[in-house]
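Asker: Need coordinates for the below:
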Amino acid sequence: MLAKLDEMIVNVLLKPDNATLFYLDAIQFKNEKIRRACENILYQQIDKVLKTEAASQHLVELPFQQLKEFCESDKLEITNEKQLLDLFERYLKSREKLPLLPEEDPANDWSHLTPEEKEGRTKAKDEKAAATKLAKEEEEKTAQATYDALEPMAKINADYAKKVDAIHK
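Answerer: Prediction:
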């Protein structure tokens, strides 16, 4: 069934104006057949794709490595490299809005700190963890006291609500 769906996407649905969306999905879901078909269209029609915001918007959502490999390809038939530069500018602007990964966060880079600064940060981190743990314990005590004060029927309802919340998490 998936093979038929792949065939329908490649032979019927895939067009230059939606190739970037299918390309992004093919990369995400590791579908090589659709990915290659999208690349072929995008390599040949990149000028048309880059001229429209709607058609090119999904290219800025690509993982960096895929965008880099795509743009480095000898098959890319681009006539105006400025369009490619504009794409990278849009890509970088969209990435600036995203939160940093832990390994990218300069606050987590301790390589430039003195031993005293490292000790201070470790102490602050430990204090914060202890305060968070204490606050959580207090919250649990308050919740338990509130539960203990409930009537028997209300306790049954509260237990049921906890089970429902656990299912939805």
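Asker: check contacts around Lys77.
Answerer: If you look again at residue 77, you'll see it is Glu, not Lys. For Glu77, the contact set (Cβ atoms under 8 Å, 6 or more residues apart in numbering) comprises Tyr43, Gln44, Ile46, Asp47. From N, CA and C alone the C-beta is placed, and that goes for glycine too.
Asker: so is Glu104 in a helix, a strand, or just coil?
Answerer: With DSSP: H, G, I helix; E, B strand; the rest coil as the basis, Glu104 sits in coil.
Asker: And the pLDDT at it?
Answerer: At Glu104, the predicted lDDT confidence score is 74.
Asker: if you go through the protein in chain order, where are the helices?
Answerer: Using DSSP state H, the helices of the chain run over residues 2-8, 19-28, 32-51, 53-56, 64-72, 81-96, 115-148, 152-168.
Asker: The closest residue to Lys118 other than its chain neighbours: what's it in contact with?
Answerer: Excluding its sequence neighbours, the residue lying closest to Lys118 (Cβ to Cβ, 6 or more residues apart in numbering) is Trp110, at 5.6 Å. Trp110 sits next to Glu117, Lys118, Arg121 when contact means Cβ under 8 Å, 6+ apart.
Asker: So what's the residue count around the first one?
Answerer: Yep, that's Glu117 we're talking about. Residues contacting Glu117 under the criterion other Cβ atoms under 10 Å number 11.
Asker: Leu50: how many residues sit nearby?
Answerer: Leu50 has 21 neighbours, counted by other Cβ under 10 Å.
Asker: Name the nearest residue to it, ignoring sequence neighbours.
Answerer: Excluding the flanking residues, the one nearest Leu50 by Cβ to Cβ, 6+ apart is Gln83, at 4.2 Å.
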